[in-house]
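Take a look and give me a structure for this.
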Amino acid sequence: MSHQLQLARRPGLGVKGTRINNVTVNAFKVKRPTGTVHHYDVTIVDDRGRGDLPAALGRRLFGELEAGRAFGNAAVAFDGKKNMYANKEIGELAGAGSAREVDLNEDGRTKRFKVKFQYVAPIDLRVLVQTQGVQPADMQRAINALQMVILHSPMMKYVSVRTKFFPDPVSSESTGSLGGCLEIWRGYSVSLRPTPGGLILNVDTTSIPLLRQGNLSQVCQAYLQEKYRNAAPRLDNMTGPQKVELGRFLRGVKIRTSGYVQTRSYTIKGLGDSASKILFEHNGRKINVQTYFRQNYQLNLQQPNLPCVKVSAAAFLPMEVCQIQPKQKWGKKLTPEQTKDALNFIKKAPNVRMGDIKGGLQFLFPTTGPSPRSWGMDVESRDLMKVQARVLPPPTLNQTSGNRPFKPTPGAWEIKGKKFEVGSAIKHWLAIVFGGPRQMVEIQQSTALADLRRACADCGIQFHSPAAPALVHFSDRQQINPVTLKQFLMKASPGQKTDLIVCFLGPGTPDSTYAAIKWMTDIDLGIASQCLDMKKSKKWGRQYWENLALKINVKLGGRNHSVHSSSLPQVFQKEPTIIFGADVNHPSPDSSAPSIVGVVATMDKTFSQYSTAIGVQTSRVEMMEDLATFVKDLVLQFKAKLNIFPKRLLFYRDGISEGQFPICFEQEIPKVVLGCQLADPACRPRITFIVVGKRHNFRFSAQAPDGDRSGNLKPGTVVDQGVISTSEWDFYLNSHAGLLGTSKSSHYTILVDENNLSADDVEGLSYNLTYSYARSTRSVSIPPPAYYAHHVCTRAKLLLSHATGTGDTESVATSGDRSLEEGRMLQQYRGKLKQVHDDIRRGQKLYFM
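Residues are numbered from 1 along each chain as shown. Below you'll find the model as predicted:
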C-alpha cells in the first residue's frame, strides 16, 4: 500500500442511534454580510523605539485616534496589536497620513507613540457564500476580520484576552473570591465559525482570575494566609524560602505609589530587605529607605520592618506606599483550593448557563451605539440554535470471571454483585502509616484494612494468605526518600516479595512523601502501591473501598472490565490492532520547566491492557519531538506480547487545538509511520488518527425526554451536523453522565483514516471505549487511551519533581535568558528521567491509576 498520507474526508453522516431534534447549542445564526472589508497592518512604537506593546495599550491609543476622527466616517475594528479592518478604504490613511503620533499622559509625564498604517489587501466576503473553489486561507481571513468586527466594541471597553472579554461586574453574581489575594470575574468567549449551513456565532460564558486591588502589604499578607493557612507567617517574620515564594508571587505585578508626593506606576521585579535595612548612597552618605522617605517626603513609615519591593536595578519601595493596580489578569498557576473555588464559581445548570449566554448578545450587538450592524452583520435571531443529534446505545461489557457479558445502563453501572473480568492475586502485602503515633493508633483501631481486603476479595482479587497485612509505622520524624523507604520495607518484610503496599498518609503529609513513595514503587521496585488520605477517613465506606479495589486490580495487572467484541467494529476484530493515546503536559507560564510527554498503547485484543512511555521535550512545544521512538518501543512490546505486528493502528491525540491540525498532520502523523518502520521495515499498519479534546466552547443541552433531568445531554449523544466544520471530518460526543453544572462534550476530528471507517464506526468505537476506563464504573468523557496518556503525564510530572528536587515542577523560578534557562532545565530533566520498572511495563500494569 502507498505510504502517502491523505487528509480524511467525511464519509457521510452517522445513522445509528435514536434521533432527537431539539438540542440547544450556545450559538446564534449570523446573517452573512456581503461586500468588502479592507485590511490594514498596524505598527506601534513608543518614544524609545520599542514595539510589540500590550494590546490594552494599543487599544488606548486607538481610542485616541478614533476620538480625533483619524479614520473619517469609516467603521473600523482593531485587535490591539497588528490588524485593523475597515468597512471602506480610508483616504485619511493614504500617503503621508499613514503615520500618526499619539500622546498619552501617564504619571504626569507625556509619552509619545507613533502609529503607522499599511494597507494590506481587500477581503472579499463573497468567499463566505461560495461553495466551490474557495481557498481555506481566504475563508479564514474573512472569518478573522468579521470576528474582530464583532469583538471590537467590548474589547475596547473591558478586560480582554484573545477572543474573551470580561465586563465590569455590576453585581456580586458577576464576581467571586479566590482567597484573600485573587478574585474571579465572569465573561464571554466568542468565536465566529463557518458551517455547512452558514455562519454561526459561538458564545460561551467563561471566567478570569484577577489580582485583587488594594494596599500591597495587605494583599501580600492575604497571599501568605492563603498559602500557609494556620502556619502563615507575618510579613516581617518570613523564612528564606517563604520570601522566595512571595517574590515569585509578586514578580510582574503592576503597582502605583500613593501616600507621598510621587504618584507613579511600576512593575515589581522582586522582593528586597526591609526599609530599615536597605542602605544606599545619597548625597555622599549611606542611608536606609526609611530615613530617605522621612527626609525627602516627610513620611514616617508605619511598617519599616516589612520587605520592600524592587522596581528597578537600584530602586526599592516600601510596601505601605504601594497600591496594586486594578484589573490585572492573573496568569500564574492557581492553588488546588483556588482551582476548586474557580470551578464552583463557573458551575451552572444548563438552563441558567444558556440564559447567561443569551444575555451576552447585548455586549456584542448592542441596540444603541456602534455595532456590527454598521458592517451589515447581525444575528438572524436572538434565540439559541437548535440542532439534531442521535443517542447511541451503551456497549455490551465483559465483567465477572465467567466472562458473561452484560449491558450497562447508559453512563453507569453497579459493581456490587459482579467480579472483575480478570482478578489479580496478592501473595504478600504490607500497610504503612505515615505520620505521628496518633495516626498509627487510629489505623490499628479501625477496620480499614479488613474492609479493603473484603472489597477486593468480593470483586475477585485473590489473597493467597489468610493473614492480615503487617501494619508498620513510618514515624514523621524519619527522613522520607526512596532509599530510606526501601530500607524500611526490607526490615518490615524481610525475605518477602511484596505485591502491594497500602500507605496511610496522615494529615499534613507533604507532597514530597507521596512522590518518594511512587518513585520507590514505580521506578525502583516495580510493585503496586495505593495511598489513602487519612483526612478523608469519614468517607471510608463500601463504595470507597470498591473504588480502591478497581485501582488496585489494574495496578497488579488484572482487568476490571472490557468492551465486548460485539460492540467493536468488526474490522478491528479480523486483524491485530493497536490503539495509541498521547498527551503533552506544559508548565505554567512562570516556569522554565520542560513539557512532559505521555504515550500509551493497548497490548491485547480487548483494548484494556496498556503499556506506557514518558519523555520530556522543549518547554511549551505541543508537537511530540520523540514520537517515532515512543511508537517504535510500544509496537515492539505489542509484537513481544502477541507475537505479531499490528495491521491496524488507531491514535487518539489529546491537547491539540484546531489551529495546530495542519502542523500535526505534517509533523506528528509521519512520525507514527516512521516509528512502525523503525520497529520493523515491513511494519506499516493502516492508520486512523483522531484528535480528541475538550478545548472548545460549544455547550449542548436538551430537556427530558431527549436530555436528562438537569437538562444535560444523555450519555451517548452525538452531534455531527449543524455546528460541524465545512472542511474537516468532525463530530461532538457526550459520552458521560452530567453530574454537576453543564456537561462539556468532547470534540473529535479525524485527520487520517486509512482504515476506511464509516461515521458510525468512529462514533460508536469512541463512545464504547469510554466504558472501559478501568478505575470507574461510569463511562468517561474521552476514550481511555487519551485519558490514560494524561494520567501518565501527571505521574511523570510527579516523579520528575522528586528526581530534580524542585518539589513542584511548575514552580521553578526563571532567571536570566529564558531560552538558556529552558535549555539547561531540559538537559537536567532528561538526565533524571527514568521509565517505569520493567516488571510494570511487561505486565501492562496501570501504575498511574
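
my guess is residue 216 meets residue 311, correct?
No. The criterion here is CB atoms under 8 Å, and residue 216 misses it with residue 311 at 11.4 Å. Using the backbone N, CA and C atoms, a C-beta is placed for each residue, glycine as well.

any idea how far the closest residue in space to residue 482 that isn't next to it in sequence is from residue 533?
Closest residue in space to residue 482, ignoring its immediate chain neighbours: residue 520 at 4.2 Å, by CB to CB, 6 or more residues apart in numbering. Going from residue 520 to residue 533 by CB to CB, to the nearest Å gives 19 Å.

So which of the two has more stuff around it?
Set side by side, residue 520 and residue 533 show more neighbours around residue 520, with 23 against 14, by other CB atoms under 10 Å.

what pLDDT does that one get?
Predicted confidence (pLDDT) for residue 520: 92.

next one: phi and psi at it?
Main-chain torsions, residue 520, degrees, to the nearest 10: phi -60, psi -50.

now swap in residue 112 and tell me
Dihedral angles of residue 112 (phi, psi; degrees, to the nearest 10) stand at phi -110, psi 130.

Tally up the residues packed near it, please.
Residue 112 sits with 11 neighbouring residues when counted by other CB under 10 Å.

Equivalent analysis for residue 527, please.
Close neighbours of residue 527, defined as other CB under 10 Å, add up to 23.

just residue 766 next, same as before
24.

In this structure it contacts residue 783, no?
Yes. Between residue 766 and residue 783 there is a contact at 5.5 Å, judged by CB under 8 Å.

which residues of the stretch 601-750 of the chain score low on pLDDT?
Within the stretch 601-750 of the chain, not a single segment meets pLDDT under 70.

what residues are shared contacts of residue 766 and residue 783?
residue 692 (CB atoms under 8 Å, 6 or more residues apart in numbering).

Relative to residue 801, how far out is residue 594?
Look at residue 594 and residue 801: by CB to CB, they are 12 Å apart.

So residue 767 belongs to a helix, correct?
Yes. Applying DSSP: H, G, I helix; E, B strand; the rest coil, one finds residue 767 inside a helix.

Give the next helix or strand downstream of the helix or strand encompassing residue 796.
Residue 796 is part of helix 784-804 when elements are defined by DSSP states H and E. As assigned by DSSP H and E, the chain's next helix or strand after helix 784-804 is helix 818-832.

Check which helices and strands that next one sits against.
strand 610-617, helix 784-804 (3 or more CB pairs under 8 Å, 6 or more residues apart in numbering; DSSP states H and E).

Residue 216 and residue 311: who's more crowded?
Neighbours per residue, other CB under 10 Å: of residue 216 and residue 311, the larger number sits with residue 216, 24 against 20.

How confident is the prediction for the more buried one, by pLDDT?
Reported pLDDT for residue 216: 96.

Not counting its neighbours along the chain, what's nearest it?
residue 322 (3.9 Å).

Hmm, residue 309 and the one you found touching each other?
Yes. Here residue 322 reaches residue 309: they are 6.5 Å apart, a contact under CB under 8 Å.

list the residues that contact both of those two?
By CB under 8 Å, 6+ apart, the residues touching both residue 322 and residue 309 are 216, 255.

So if I had to pick from those two, which one is more boxed in?
Using other CB under 10 Å as the criterion, residue 322 and residue 309 rank with residue 309 on top: 28 against 24.

nearest spatial neighbour of the more buried one, skipping sequence neighbours?
In space, residue 309 is closest to residue 268, 4.8 Å off (CB to CB, 6+ apart).

Then residue 71?
That would be residue 90: by CB to CB, 6+ apart, it lies 5.4 Å from residue 71.

List the residues that contact the one you found.
Applying CB under 8 Å, 6+ apart to residue 90 gives the contacts 38, 40, 71-72, 74, 76.

Then residue 200?
Neighbouring residues of residue 200 by CB under 8 Å, 6+ apart: 27-30, 192-193, 385, 723.

Can I get those in CSV including secondary structure?
Converted to CSV, the contacts of residue 200 look like this (three-state DSSP):
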residue, secondary structure
27, strand
28, strand
29, strand
30, strand
192, strand
193, strand
385, strand
723, coil
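
so which of the residues you listed comes closest to residue 272?
Among the contacts of residue 200, residue 192 lies closest to residue 272 (CB to CB), at 48.2 Å.

Kindly tell me how buried the residue lying closest to the closest one once chain neighbours are set aside is, as a neighbour count.
Among residues not flanking residue 192 along the chain, residue 147 sits closest, at 4.2 Å (CB to CB, 6+ apart). If you count neighbours by other CB under 10 Å, residue 147 ends up with 19.

what's the spacing between residue 147 and residue 155?
Going from residue 147 to residue 155 by CB to CB gives 11 Å.

Equivalent analysis for residue 197, please.
Residue 197 is 28 Å from residue 155, by CB to CB.

So for those two, which sits in the more crowded spot?
Taking neighbours as other CB under 10 Å, residue 197 and residue 155 compare with residue 155 leading, 25 against 14.

Low-confidence stretches in the stretch 201-350 of the chain?
For the stretch 201-350 of the chain, the ranges with pLDDT under 70 are 261.

in it, which spans are helices?
216-228, 240-250, 289-297, 336-346, 350-359 (DSSP state H, counting those that start in this stretch).

Report the spatially nearest residue to residue 629, omitting neighbours in sequence.
residue 675 (6.9 Å).

residues of the strand or helix carrying that neighbour that come out buried?
Using DSSP H and E, residue 675 maps to helix 669-679. Residues of helix 669-679 classed as buried: 669, 671-673, 675-679 (neighbour count, 16 or more other CB atoms under 10 Å).

out of the residues you listed, which one sits closest to residue 504?
residue 675 (42.0 Å).

Settle this for me: the closest one is touching residue 630, isn't it.
Yes. Residue 675 is within contact range of residue 630, at 6.9 Å (criterion: CB under 8 Å).

circling back: more neighbours: residue 594 and residue 801, which one.
residue 594 (27 against 21).

I'd say that one and residue 826 touch.
Yes. Between residue 594 and residue 826 there is a contact at 4.5 Å, judged by CB under 8 Å.

Next, show the common contact partners of the two.
Joint contacts of residue 594 and residue 826 (CB under 8 Å, 6+ apart) are 616-619.

By neighbour count, which of those wins?
residue 616 (25 neighbours).

who's in contact with it?
594-597, 800, 826, 829-830, 833.

burial of the closest residue to residue 205 other than its chain neighbours, as a residue count?
Leaving aside its sequence neighbours, residue 205 sits nearest to residue 356 (CB to CB, 6+ apart; 5.1 Å). Neighbour count of residue 356, defined by other CB under 10 Å: 16.

how near is residue 356 to residue 203?
10 Å.

same question, residue 568
Distance from residue 568 to residue 203, by CB to CB: 38 Å.

give the contact list for residue 598.
Residue 598 touches 582-585, 612-614, 788-793, 796, counting by CB under 8 Å, 6+ apart.

Of those residues, which is the most crowded?
residue 789 (31 neighbours).

wait, what's in contact with residue 394?
Contacts of residue 394 by CB under 8 Å, 6+ apart are 407-411, 715-716, 768, 771, 779.

cool, and residue 685?
Per CB under 8 Å, 6+ apart, neighbours of residue 685: 577-578, 645-649, 676.

If I follow the layout properly, residue 400 ends up in contact with residue 422?
No. Using CB under 8 Å, residue 400 is not in contact with residue 422; the gap is 10.3 Å.

Run through the strands of the stretch 51-200 of the chain in chain order.
76-78, 83-86, 99-106, 109-124, 159-161, 164-166, 175-177, 182-195, 198-211 (DSSP state E, counting those that start in this stretch).

Averaged pLDDT, the longest one. What do you get?
Okay, so that is strand 109-124. Here the average pLDDT along strand 109-124 is 94.

re the thing from before, shared neighbours of residue 216 and residue 311, anything?
What both residue 216 and residue 311 touch, as defined by CB under 8 Å, 6+ apart, is the set residue 255.
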